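> coordinates for the following, if possible.
(one chain, ligands or ions: 1)
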Amino acid sequence: MAIRILVNGAKGLMGQEAVRAISADPDLLLVGEAGRDDDLTVMISQTKAAVVVDLTVASAAFINASKVIDSGIHLIMGTTGLLLEQIHELQIKCKQQRLGAMIVPNFSIGAVLLMKYAQDASRYLGQNVEIIEMHHAGKKDSPSGTAIKTAQMIASHRCSLPESRDNTETIAHARGADYQGIPIHSVRLPGLVAHEEVIFGAQGETLTLRHDCIHRQAFMPGLLLACKKVVTLSELVYGLEHVL
Ligand SMILES: NC(=O)c1ccc[n+]([C@@H]2O[C@H](COP(=O)([O-])OP(=O)(O)OC[C@H]3O[C@@H](n4cnc5c(N)ncnc54)[C@H](OP(=O)(O)O)[C@@H]3O)[C@@H](O)[C@H]2O)c1
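Numbering: from 1, shown residues only. This is a model prediction of the structure:
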């Protein structure tokens with residue numbers, strides 16, 4: 001039987017793409033399209049959805065996630081910008097209910113592979129590494145969820161801690177944001193979609209890993225996979241790599 005999916009944020013750029021992809025997948029049934037003016041809890045009950053895919057805004061992500069989990073159905077949170085403490089809180093809620101859920105900062109398979117390769121490289125070169133993420137001018141949160149996840153994966157596997165340097169900034173934030181000693185630089189420009197570079201530096205060499213997403217369709221195979229896998233989980237997982 002097809003899995004019943006409700007898309008929240010269905011009128012947005014990602015939401016519209018998701019509606020098209022879900023509607024074309026015979027294993028999934030699109031049962032509702034919610035937006036800012038809808039009551040999500042009521043929509044869940046009216047549509048009898050099994051899964052909510054949230055593609056809205058960072059400021060609404062936690063409250064939306066709580067409504068979905070409190071309704072006892074599966075969440076796929078594609079919206080970026082949740083704080084780590086919030087993710088932890090949602091993990092506890094899901095654990096109490098033995099409920100499957102996913103927080104996916106990037107549905108693109110290529111981007112997930114970039115993070116995996118960066119984690120691997122960090123075992124050897126992780127002492128000196130910087131992340132540059134580049135997105136379209138309309139992206140509201142910075143740094144990107146993918147950049148934060150990449151930094152976490154590097155920090156958890158790096159060979160040694162970063163060298164301390166004398167980093168005087170003559171203009172504030174010239175060295176970017178700092179995640180446990182890993183600088184993250186966010187670029188926002190029209191013409192871009194979603195791009196990330198991870199640059200490792202060592203004596204006399206650099207290693208650059210780069211991923212370019214040039215169309216939102218790149219996110220759809222991962223999103224559809226998440227819709228099918230989330231119903232088999234009994235906890236909240238953070239990252240698509242858990243179901244690949
Ligand atoms: N995980 C991934 O792979 C991935 C990839 C790309 C983007 N994203 C993330 O997905 C999210 C959406 O991106 P987008 O480019 O589609 O943005 P967007 O075009 O601005 O769409 C967001 C949509 O959400 C609606 N919305 C705002 N607040 C809401 C609420 N409280 N409840 C329900 N709907 C609400 C907006 O309605 P209004 O227009 O009325 O405000 C809009 O239709 C962002 O967080 C982005 O970073 C994730």
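
> closest residue of the chain to the ligand?
The ligand sits closest to Gly12 of the chain, with a gap of 2.0 Å, by C-beta to the nearest ligand atom. Every C-beta, even on glycine, is put in place using the N, C-alpha and C of the backbone.

> which pLDDT value goes with that residue?
For Gly12, the pLDDT comes out at 97.

> what sits against it?
Applying C-beta atoms under 8 Å, 6 or more residues apart in numbering to Gly12 gives the contacts Leu55, Thr56.

> ditto for Ala65
Contacts of Ala65 by C-beta under 8 Å, 6+ apart are Asp54, Leu75, Met77, Leu82, Gln86, Leu90, Ala101, Ile103.

> which neighbouring elements make contact with the longest helix seen in the chain?
Identified as the longest helix of the chain according to DSSP state H is helix 109-125. Where contact means 3 or more C-beta pairs under 8 Å, 6 or more residues apart in numbering; DSSP states H and E, helix 109-125 is packed against helix 145-157, strand 194-202, strand 205-213, helix 220-230.

> state the mean pLDDT of that helix.
Helix 109-125 shows a mean pLDDT of 97.

> measure how that helix sits relative to helix 220-230, angle-wise.
Our comparison of helix 109-125 with helix 220-230, counting by axes from the mean of the first three to the mean of the last three C-alpha atoms, to 10 degrees, yields an angle of 90 degrees.

> how far does helix 109-125 sit from its chain's centre?
Distance, stretch centre to chain centre, for helix 109-125: 15 Å (C-alpha atoms, centre = their mean, to the nearest Å).

> is any residue of that helix near the ligand?
No - for helix 109-125, no contact with the ligand is found by C-beta under 6 Å from any ligand atom; the gap never falls below 7.5 Å.

> which residues are contacting that helix?
By C-beta under 8 Å, 6+ apart, helix 109-125 touches 106, 129, 146, 149-150, 153-159, 194, 196, 198, 200-202, 207, 209-211, 213, 218, 221-222, 239-241, 244.

> which other helices and strands does the very next helix or strand once past that helix contact?
Proceeding N to C from helix 109-125, the next assigned helix or strand is strand 129-135, under DSSP states H and E. For strand 129-135, the elements it packs on are helix 145-157, strand 182-188, strand 194-202, judged by 3+ C-beta pairs under 8 Å, 6+ apart.

> for the record, mean pLDDT for the first one?
Confidence over helix 145-157 (mean pLDDT, whole number) is 96.

> indicate which one of the helices and strands packed on strand 129-135 is closest to Glu169.
Proximity of the helices and strands packed on strand 129-135 to Glu169 was assessed by C-beta to C-beta; the nearest stretch is strand 182-188, lying at 11.2 Å.

> the closest one pairs with which strands?
Next to strand 182-188 in the sheet, as set by DSSP bridges, lie strand 129-135 (parallel), strand 177-179 (antiparallel).

> then the longest one to PDB, C-alphas only?
Presented in PDB, the C-alpha positions along strand 129-135 are these (Å, rounded to 0.1, in the frame of the first residue of the first chain):
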ATOM      1  CA  VAL A 129      40.300  22.500   7.100                       C
ATOM      2  CA  GLU A 130      37.800  25.200   6.100                       C
ATOM      3  CA  ILE A 131      34.300  25.000   4.600                       C
ATOM      4  CA  ILE A 132      32.800  27.400   2.000                       C
ATOM      5  CA  GLU A 133      29.100  27.000   1.300                       C
ATOM      6  CA  MET A 134      27.400  29.000  -1.500                       C
ATOM      7  CA  HIS A 135      23.700  29.300  -2.000                       C
END
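
> got the angle between that strand and helix 145-157?
Using the same axes, to 10 degrees: strand 129-135 against helix 145-157 is 170 degrees.

> now find how far off-centre strand 129-135 is within its chain.
On C-alpha atoms, centre = their mean, the centre of strand 129-135 falls 15 Å from the chain's centre.

> can you list the residues that contact that strand?
Applying C-beta under 8 Å, 6+ apart, the external contacts of strand 129-135 come out as 118, 122, 143-144, 146-147, 150-151, 154, 158, 176, 182-189, 192-201.
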